[in-house]
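Colleague: model the following, please.
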Amino acid sequence: MTTPGSRRTILVSDDDETYGRLLELLLEARDYRVVTTRNGHEALTYLQSSTPDAMILDVRMPHMSGFDVARRVRRVARLRQLPIFFLTSSSDEDTKRQAEEVGAAGLLEKPLGGGDLRYRLDAVLGRPNRSW
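Modeller: This next block holds a predicted model:
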C-alpha cells in the first residue's frame, strides 16, 4: 500500500497488450502508478512481494481466468481487502455472480470508457474526483 503523498499503484492484468497499454495510459494520466502483467501467473508472481492499491483483471485470460486469480488473492490475509475490478466483454448473469462471489469492487465492460474507470477507482480508493 502507498504512504501519504505517494502515487497509488494499480496492478493491471490483461492478455491483450493493446488493451493493457490503453489502461496504463488512462491511469497514468490520472497520476496512478501502473504495473502491467499479461496473465494470471504473472499477476500472482508480482503479488508475492508487492501489494498494490487495487487490481484490474481481465475475466478471460489464457491458463487462469481473472476469477481464478481473485480467488487465490482472497486466500492471502494481506490481500483480502484489495479492491479488484474485472474487465469483461460480457456482463451476463454468470459473470456478475462470479464477480460478487469474490467480492469485486466493480465489473467494467469492454469497450471501456476512461472516465468511468477513473471515477470508480477514485471512489474506491478515496481520492477526490477532479474534472478531466
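Colleague: what sits against the most centrally placed residue in the chain?
Modeller: Most central residue of the chain, judged by C-alpha distance to the mean C-alpha position with Cα atoms, centre = their mean, is residue 56 at 1.3 Å. Applying Cβ atoms under 8 Å, 6 or more residues apart in numbering, one finds that residue 56 lies in contact with 10-14, 23, 84-87, 108, 117. Using the backbone N, CA and C atoms, a C-beta is placed for each residue, glycine as well.
Colleague: can you lay out the residues you listed as TSV showing secondary structure, pLDDT and distance to residue 73?
Modeller: Written out in TSV, the entries for the contacts of residue 56 read as follows (DSSP: H, G, I helix; E, B strand; the rest coil; pLDDT from 0 to 100; distance: Cβ to Cβ, whole Å):
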residue	secondary structure	pLDDT	distance to residue 73
10	strand	97	14
11	strand	98	10
12	strand	97	14
13	strand	97	11
14	coil	94	16
23	helix	90	18
84	strand	97	7
85	strand	95	13
86	strand	95	12
87	strand	92	16
108	strand	88	17
117	helix	77	20
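Colleague: quick one on the thing from earlier: for the helix or strand the residue nearest to the centre of the chain falls within, buried residues please.
Modeller: Applying DSSP states H and E as the criterion places residue 56 in strand 54-58. Within strand 54-58, the residues scored as buried using 16 or more other Cβ atoms under 10 Å are 54-58.
Colleague: now that strand: average pLDDT?
Modeller: Strand 54-58 shows an average pLDDT of 96 in the prediction.
Colleague: who does the helix or strand following it touch, helix- and strand-wise?
Modeller: Per DSSP H and E, strand 54-58 leads on to helix 66-74 as the next helix or strand towards the C-terminus. Contact analysis of helix 66-74 by 3 or more Cβ pairs under 8 Å, 6 or more residues apart in numbering; DSSP states H and E lists helix 40-49, strand 54-58, strand 84-88 as its packing neighbours.
Colleague: doesn't residue 54 make contact with residue 11?
Modeller: Yes: the pair residue 11 and residue 54 qualifies as a contact (Cβ atoms under 8 Å) at a distance of 7.5 Å.
Colleague: tell me the most buried of the helices and strands packed on helix 66-74?
Modeller: Between the helices and strands packed on helix 66-74, the one whose residues have the most neighbours on average, counting mean count of other Cβ atoms under 10 Å, is strand 54-58 (a mean of 25).
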